[in-house]
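Visitor: Generate coordinates for the sequence data below:
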Amino acid sequence: MKWLLFSAAMLFLAACSPQAEKIYTVDEFMADDALLAKIIGECRNNPGELRDTPNCRNAEAADGKLRLERMGKSLGG
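Guide: Residues are numbered from 1 along each chain as shown. Reported below is the predicted structural model:
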């Protein structure tokens, strides 16, 4: 009986816990400009809390890569 109550409590707690945010890769951000702009905006709007999250790091890396690619193209490279 104790195991049944324990299992039910664990199931209830697991159902109430917040969903984990999907972590996007740098390549996913580079392929989707709208997603990149959204995440970059959120991260720059709240850097105290979000700066070190995986999505903010990956979005910043993707933004940097895209800037370098555009710069190379504009310089004829």
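
Visitor: and the nearest residue to residue 36 once chain neighbours are set aside, what is it in contact with?
Guide: Distances taken as CB to CB, 6 or more residues apart in numbering put residue 29 closest to residue 36, at 4.5 Å, once the chain neighbours are dropped. For glycine as for every other residue, the C-beta is placed from the backbone atoms N, C-alpha and C. Residues near residue 29 by CB atoms under 8 Å, 6 or more residues apart in numbering: 35, 36, 39, 58, 59, 61, 62, 63.

Visitor: Could you find which two of these are furthest from each other?
Guide: Between all members of the contacts of residue 29, the longest pairwise span (CB to CB) is found for 35 and 61 and amounts to 14.0 Å.

Visitor: secondary structure element for residue 71?
Guide: Element membership of residue 71 [criterion: DSSP states H and E] is helix 54-74.

Visitor: contact partners of that helix?
Guide: Contacts with helix 54-74, where a contact means CB under 8 Å, 6+ apart, come from 21, 23-27, 29-30, 36, 39-40, 42-43, 50.

Visitor: Give the buried residues for it.
Guide: By neighbour count, and taking 16 or more other CB atoms under 10 Å as the criterion, the buried residues in helix 54-74 are 55, 56, 58, 59, 60, 62, 63.

Visitor: mind checking the SS state of the residue nearest to residue 36?
Guide: With DSSP: H, G, I helix; E, B strand; the rest coil as the basis, the three-state label of residue 29 is helix.

Visitor: and it, how far is that from residue 49?
Guide: The gap separating residue 29 from residue 49 is 20 Å, by CB to CB, to the nearest Å.

Visitor: Centre-most residue in the protein?
Guide: residue 55 (2.5 Å; CA atoms, centre = their mean).

Visitor: Quick check: pLDDT value at the residue nearest to that residue when sequence neighbours are not counted.
Guide: Closest residue to residue 55 apart from its sequence neighbours, by CB to CB, 6+ apart: residue 39 at 5.5 Å. Among the per-residue scores, residue 39 holds a pLDDT of 96.

Visitor: try residue 18
Guide: We note a pLDDT of 64 for residue 18 in this prediction.
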